[in-house]
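In: I would like the atomic coordinates for the input below:
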Amino acid sequence: MTAVGAAAVALSGCASPIVTTNDTGQQTAPPPAATASTRPSNDKLVNAFDFYTRTDEAHSAYYFTSPSGSWRCVIVPRTWAGCQSSAGTGRIGIAGAPQTVTDDTGQSVAPNAILVRTQGDPQFASVPADQFKQPAGTANTLPFNKILAAAGFRCNVQQEAGISCLSEQTGSGFTFSNAGVSWQYTDVP
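Out: Residues are numbered from 1 along each chain as shown. So this is what the prediction gives:
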């Protein structure tokens, strides 16, 4: 499946497309799926229902913000998990991010998000800002060193490492801060 095809599947039923590429524009092999010896921890889980919002009969998501308030993140059940700057600048704000990603029409656009899908490599993307805003009220803060595991994904925030998200199906994930990105999940110690 192409990135464009994956984007269409990711937001089927939504009006706004997601546009993606990886950090170098090249395909990379995903890390191996978690095994019994590398399985992420479950001893620091938060109650996922504290982050859940049902938007309508067909759509629901798990929303959270970083403790600093600098990042808004979402887990779209069985589809994707990702984060976007709260600054609303239209750019991702991560050192080393590409200047542009290619949208489904072949146009170059600035990346404003980082995400991992159920299948495939984590990527920088261009995602409409409303995808990261909780429709009603304010999203809860995910505390440092706690894990939100929901609908096939897990995310955490660590003071030193940054924000990390993982597709539990493939073991692919990312860890990022303003200083840069690593294309792997970092578990809470």
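In: burial measure for Pro189, as a count.
Out: 9 (other Cβ atoms under 10 Å). To be clear about C-beta, it is placed using only N, CA and C from the backbone, and glycine gets the same treatment.
In: quick one: pLDDT of the residue nearest to it when sequence neighbours are not counted?
Out: Nearest residue to Pro189 in three dimensions, chain neighbours excluded: Asn145, at 7.5 Å (Cβ to Cβ, 6 or more residues apart in numbering). What the model reports as pLDDT for Asn145 is 96.
In: repeat for the one 4 residues further on
Out: Looking at Ala149, its pLDDT is 96.
In: That one: neighbour count?
Out: The tally of other residues near Ala149 (other Cβ under 10 Å) stands at 20.
In: Next, it: secondary structure please.
Out: strand (DSSP: H, G, I helix; E, B strand; the rest coil).
In: For the closest residue to it other than its chain neighbours, which residues are in contact?
Out: Of all residues not flanking Ala149 in the chain, Leu45 sits nearest, at 5.6 Å (Cβ to Cβ, 6+ apart). Counting by Cβ atoms under 8 Å, 6 or more residues apart in numbering, Leu45 touches 146-149.
In: Show me the beta-bridge partners of Leu45.
Out: Residues in a beta bridge with Leu45, per DSSP bridges, are Ile147.
In: And it, how close does it get to Gly173?
Out: According to Cβ to Cβ, to the nearest Å, Leu45 and Gly173 sit 17 Å apart.
In: got it, and Cys155?
Out: 9 Å.
In: Overlap in contacts, those two.
Out: Shared contacts of Cys155 and Gly173 (Cβ under 8 Å, 6+ apart): 164-166.
In: Filter those residues down to the buried ones, ChimeraX style.
Out: Burial among the shared contacts of Cys155 and Gly173 is assessed by 16 or more other Cβ atoms under 10 Å; the matching ChimeraX selection reads:
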select :164,165,166
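In: Return the subset of the shared contacts of Cys155 and Gly173 lying in helices.
Out: Within the shared contacts of Cys155 and Gly173, no residue falls in helices by DSSP state H.
In: Mind putting the shared contacts of Cys155 and Gly173 into TSV with pLDDT?
Out: Below are those laid out as TSV (pLDDT from 0 to 100):
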residue	pLDDT
Ser164	97
Cys165	97
Leu166	96
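In: any idea which of the shared contacts of Cys155 and Gly173 is the one closest to Gln123?
Out: Taking Cβ to Cβ as the measure, Gln123 lies nearest Cys165 of the shared contacts of Cys155 and Gly173, at 11.9 Å.
In: Many thanks, we can stop here.
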